[in-house]
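Trainee: okay, structure incoming, though there's no sequence with it:
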Ligand SMILES: Cc1cc2nc3c(=O)[nH]c(=O)nc-3n(C[C@H](O)[C@H](O)[C@H](O)COP(=O)(O)OP(=O)(O)OC[C@H]3O[C@@H](n4cnc5c(N)ncnc54)[C@H](O)[C@@H]3O)c2cc1C
Ligand SMILES: Cc1cc2nc3c(=O)[nH]c(=O)nc-3n(C[C@H](O)[C@H](O)[C@H](O)COP(=O)(O)OP(=O)(O)OC[C@H]3O[C@@H](n4cnc5c(N)ncnc54)[C@H](O)[C@@H]3O)c2cc1C
Ligand code: SF4
Ligand code: FES
């Protein structure tokens, strides 16, 4: 049982929780994630550790509400407990001084990107960050990102904040302008797919952090498998980051829909129970 | 761990046993037919994931079956049991109606008799060595059924005795994982006075007993009851804790842990790497069984989803395959099929489980192997291409090797495929302990006699050492490791 100590909404659907987890706060590295469960009948869901305070013994999680489990999580108040929380999971990001880093984050993918940007900056890299979302109120962690970035570009689909356009437009501008040594992208699979196609064109080594469906997170179930370079890899233990130019994104997109029907039904049941049916 | 023959003889000579032997002539004992286990009818049981198929023996049935055992002077059955349960002694206690005593005898060597009585492949272990099989060509004494009876009887009718523990010696030891290997290790170490902590990565204790083996074979409540006992003896349990990640081995050593038992299991599912295998609706048996057994995905009120199939194919012939296919039936499949590349004789599953699966209506497609999967426009599996096989010469495992038959390809419609072709050792621990010796298969190398790894204070056992094996072998390893770790630590303290 891990206590929620702080909670704030970045937007209607994006919530930040600060959770007591002293051991994880101490052990985690950029790129690691946790798996948690809300309630005894809850499901195990993965969330990236957005940041951690080893002294206070807390970790920050940023979650986008998409289905039942993330809804339940967003309903927790400070003082409530998360039933189960395990981590840190996954391989940490390989952080090194390589020169110029282009970091691109889409939607809630910005949360897991934050600790990576911070680590790259601390390792002495020049970091250019592109944040993207559909509209202004979906851009999160802008100030925190600015703190660790040499340059920050914000892109919105509708132009309500920053520049109008997709994340790839912002990225291409940088790629045309200067030599980038490495790129990291985190966001919806479809965004990562197009970002990878773009950096492939410019031959910039690129890592993408994959959000596959998971159960255990320890390499036991194989639910999180993805094809990378024609080989089956497990996101939870071999990833979550892989060479974006070798990931089979189409297969991944297909697999993300694997439980869509079942999850839709669960969400309907949940809304019925909570009389939260949105008009 | 074998019981010495002098001790066995001494016990066999106990007055009560001599008297029992005299009471009934062997000739009459041999006339009794082997008891058959009452079962829930197939038509009923396929509707319940959580109703046990085997219903257990009544006291009368058990006492009658116990008479069959002739209390042999040379009890070969004991040699067939990996933990050398004193089989005649517990059975003779049942014959004379001292069921509690029978249960205590079981507990001398097995920490989880109610579990073993249910899941051990008895026909290949103790019962295979029974005099009835070896010399009389008759069905063995139903050792497994009797074991289950005694353990259940004690749990349901008696005070569950909490085994005595030695004075605490203040030495902290830990297990990595909480499967049968770790639990039996923990049980023995706490008895010896150690301060034992069991660390488990998942949110439930029990390893495969909880997340793998379904409740229609092994109810979780039975595992929990055994855990309660360990807790009463003072074992500490920490769930949601991945040794090597949540804390490193060094962190734990700093906290005072002096030695470790690694029982992290063989949890990494194997796939066949054939085209289309990543379509939705193709999953490992671990994923399928975990969603159902650990997460309760079949119930509306739980949040974890599970895929339902109308035509379900399970690839493989082991216990995992049988458990998956029978689970699919219980979740509503119209057709549940086993696809296995060898013949039924070579199937590694327990014979009882194969029989139960057949009674429930599972279709067996033996001597068939999948070559490729097809998907629909949404990326969900819709069919598979298979090939027929024939049996060739025996391979390294001694089983006849399946050989593909040219031109025998055929197709089959399926909408859910469960791959149960084996597991590899969990790599989490070896990857966080670079100096630990592992084999090329990823199993931890240990000295066979003392279960000690290449790092002196690390012992290991169960599936992480053997690859996918059995519950009782894992438990035997745990016990052996406890004995040897005790010597190791006592030696260390004596020198210091
Ligand atoms: C390593 C890793 C790190 C992650 N980090 C974060 C994070 O920091 N913040 C965050 O908001 N989310 C993160 N995710 C995604 C998060 O786990 C899912 O959004 C969550 O599991 C959805 O649960 P749910 O029950 O609310 O929705 P569900 O009812 O399970 O799903 C609703 C819909 O969301 C989609 N979905 C389901 N699972 C995922 C998934 N794993 N990824 C993407 N879409 C999914 C499906 O299309 C589904 O139909 C991460 C995923 C992984 C694998
Ligand atoms: C579906 C199925 C059916 C089976 N049926 C039978 C049967 O009928 N009869 C039989 O005898 N055998 C059967 N087996 C095999 C038997 O269950 C195993 O041989 C046995 O459970 C192995 O025990 P173990 O203690 O080595 O590991 P496991 O039971 O695998 O337990 C290992 C545990 O360690 C945890 N772990 C791993 N790494 C870490 C870490 N770093 N930190 C903390 N925890 C960790 C895992 O989460 C897991 O819970 C079956 C197996 C399966 C999968
Ligand atoms: S533990 Fe297993 S092998 Fe040993 S006597 Fe019992 S059923 Fe037979
Ligand atoms: S989540 Fe189960 S293997 Fe990765």
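Mentor: In hand now; what should we look at? Only a predicted model underlies this, so the values are computations on that prediction, with no experimental measurement involved. Ligands and ions are numbered 1, 2, ... in the order given.
Trainee: residue A:226: neighbouring residues, count only.
Mentor: When neighbours are defined as other CB atoms under 10 Å in any protein chain shown, residue A:226 has 23 of them. For every residue, glycine as well, the C-beta is placed using N, CA and C.
Trainee: cool, the one 3 residues further on as well?
Mentor: Summarising burial for residue A:229: neighbours were counted as other CB under 10 Å, giving 11.
Trainee: if I pick the closest residue to residue B:219 other than its chain neighbours, what's in contact with it?
Mentor: Excluding the flanking residues, the one nearest residue B:219 by CB to CB, 6 or more residues apart in numbering or on different chains is residue B:52, at 6.0 Å. Residues near residue B:52 by CB atoms under 8 Å, 6 or more residues apart in numbering or on different chains: B:40, B:215, B:216, B:217, B:219.
Trainee: so how far is ligand 1 from the fourth one?
Mentor: Which is residue B:217. 29 Å (CB to the nearest ligand atom, to the nearest Å).
Trainee: cool, and residue B:308?
Mentor: Taken as CB to the nearest ligand atom, the span from residue B:308 to ligand 1 is 16 Å.
Trainee: so that residue sits in a helix?
Mentor: No - the assignment for residue B:308 (DSSP: H, G, I helix; E, B strand; the rest coil) gives coil, which keeps it out of a helix.
Trainee: ok so, going back, which SS class is the residue nearest to residue B:219?
Mentor: Judged by three-state DSSP, the three-state class of residue B:52 is coil.
Trainee: pLDDT score for residue B:177?
Mentor: Looking at residue B:177, its pLDDT stands at 96.
Trainee: show me which helix runs longest in the chain.
Mentor: Using chain A. For chain A, the longest helix by residue count, based on DSSP state H, is helix A:260-274.
Trainee: please refer instead to chain B.
Mentor: Within chain B, and with DSSP H defining each element, the longest helix by residue count is helix B:471-495.
Trainee: so which bits of that helix are buried?
Mentor: Within helix B:471-495, the residues scored as buried using 16 or more other CB atoms under 10 Å in any protein chain shown are B:471-486, B:488-489.
Trainee: which secondary structure state does the residue of chain B most remote from its centre sit in?
Mentor: Each residue of chain B has a distance to the centre, and by CA atoms, centre = their mean the biggest one is for residue B:377: 40.2 Å. Of the three states, residue B:377 takes coil under three-state DSSP.
Trainee: what's near enough to touch it?
Mentor: With contact set as CB under 8 Å, 6+ apart, residue B:377 has no partners.
Trainee: hang on, residue A:210 packs against residue A:189?
Mentor: Yes - between residue A:210 and residue A:189 there is a contact at 7.5 Å, judged by CB atoms under 8 Å.
Trainee: who touches both of these two?
Mentor: residue A:252.
Trainee: which helices and strands sit right next to the longest helix of chain B?
Mentor: Here helix B:471-495 touches helix B:113-119, helix B:180-191, strand B:257-262, strand B:458-460, helix B:463-466, going by 3 or more CB pairs under 8 Å, 6 or more residues apart in numbering or on different chains; DSSP states H and E.
Trainee: in JSON lines, list the ones you listed along with mean neighbour count.
Mentor: Below are the helices and strands packed on helix B:471-495 laid out as JSON lines (neighbours: other CB atoms under 10 Å in any protein chain shown):
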{"stretch": "helix B:113-119", "mean neighbour count": "25"}
{"stretch": "helix B:180-191", "mean neighbour count": "28"}
{"stretch": "strand B:257-262", "mean neighbour count": "25"}
{"stretch": "strand B:458-460", "mean neighbour count": "27"}
{"stretch": "helix B:463-466", "mean neighbour count": "26"}
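Trainee: show the pLDDT at the residue nearest to residue B:219.
Mentor: Per the predicted model, pLDDT is 95 at residue B:52.
Trainee: just residue A:278 next, same as before
Mentor: pLDDT, residue A:278: 48.
Trainee: can you show me the helices along the stretch 1-150 of chain A?
Mentor: Assigned by DSSP state H, counting those that start in this stretch, the helices in the stretch 1-150 of chain A fall at A:22-27, A:68-75, A:110-122, A:142-148.
Trainee: run a quick neighbour tally on residue B:391.
Mentor: Neighbours of residue B:391 under the rule other CB under 10 Å: 16.
Trainee: contacts only, for it.
Mentor: Taking CB under 8 Å, 6+ apart, one finds B:342, B:343, B:367, B:400, B:401, B:402, B:403 in contact with residue B:391.
Trainee: list the contacts for the closest residue to residue B:57 other than its chain neighbours?
Mentor: Leaving aside its sequence neighbours, residue B:57 sits nearest to residue B:149 (CB to CB, 6+ apart; 4.6 Å). Neighbouring residues of residue B:149 by CB under 8 Å, 6+ apart: B:56, B:57, B:59, B:62, B:94, B:99, B:117.
Trainee: which helix or which strand is home to residue B:149?
Mentor: Assigned by DSSP states H and E, residue B:149 belongs to helix B:143-157.
Trainee: buried stuff in that helix?
Mentor: B:143-155.
Trainee: and the furthest pair within the residues you listed?
Mentor: Within the buried residues of helix B:143-157, two members stand farthest from each other by CB to CB: B:143 and B:155, at 18.7 Å.
Trainee: helices of the stretch 151-279 of chain A, start to end?
Mentor: Using DSSP H, counting those that start in this stretch, the helices found in the stretch 151-279 of chain A span residues A:167-177, A:189-201, A:235-238, A:249-256, A:260-274.
Trainee: now the buried residues of helix B:143-157 as a markdown table including pLDDT and distance to residue B:242?
Mentor: Below are the buried residues of helix B:143-157 laid out as a markdown table (pLDDT from 0 to 100; distance: CB to CB, whole Å):
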| residue | pLDDT | distance to residue B:242 |
| --- | --- | --- |
| B:143 | 97 | 38 |
| B:144 | 96 | 35 |
| B:145 | 97 | 38 |
| B:146 | 97 | 39 |
| B:147 | 97 | 34 |
| B:148 | 97 | 34 |
| B:149 | 97 | 38 |
| B:150 | 96 | 37 |
| B:151 | 94 | 32 |
| B:152 | 94 | 34 |
| B:153 | 94 | 38 |
| B:154 | 90 | 35 |
| B:155 | 89 | 32 |
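Trainee: can you put those residues in a markdown table and add distance to ligand 3?
Mentor: Listed next are those as a markdown table, based on distance: CB to the nearest ligand atom, whole Å:
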| residue | distance to ligand 3 |
| --- | --- |
| B:143 | 5 |
| B:144 | 4 |
| B:145 | 9 |
| B:146 | 9 |
| B:147 | 5 |
| B:148 | 8 |
| B:149 | 12 |
| B:150 | 10 |
| B:151 | 10 |
| B:152 | 14 |
| B:153 | 15 |
| B:154 | 15 |
| B:155 | 16 |
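Trainee: out of those, who's nearest ligand 2?
Mentor: residue B:144 (10.6 Å; CB to the nearest ligand atom).
Trainee: from ligand 4, how far off is residue A:14?
Mentor: Here residue A:14 is placed at a distance of 24 Å from ligand 4 (CB to the nearest ligand atom).
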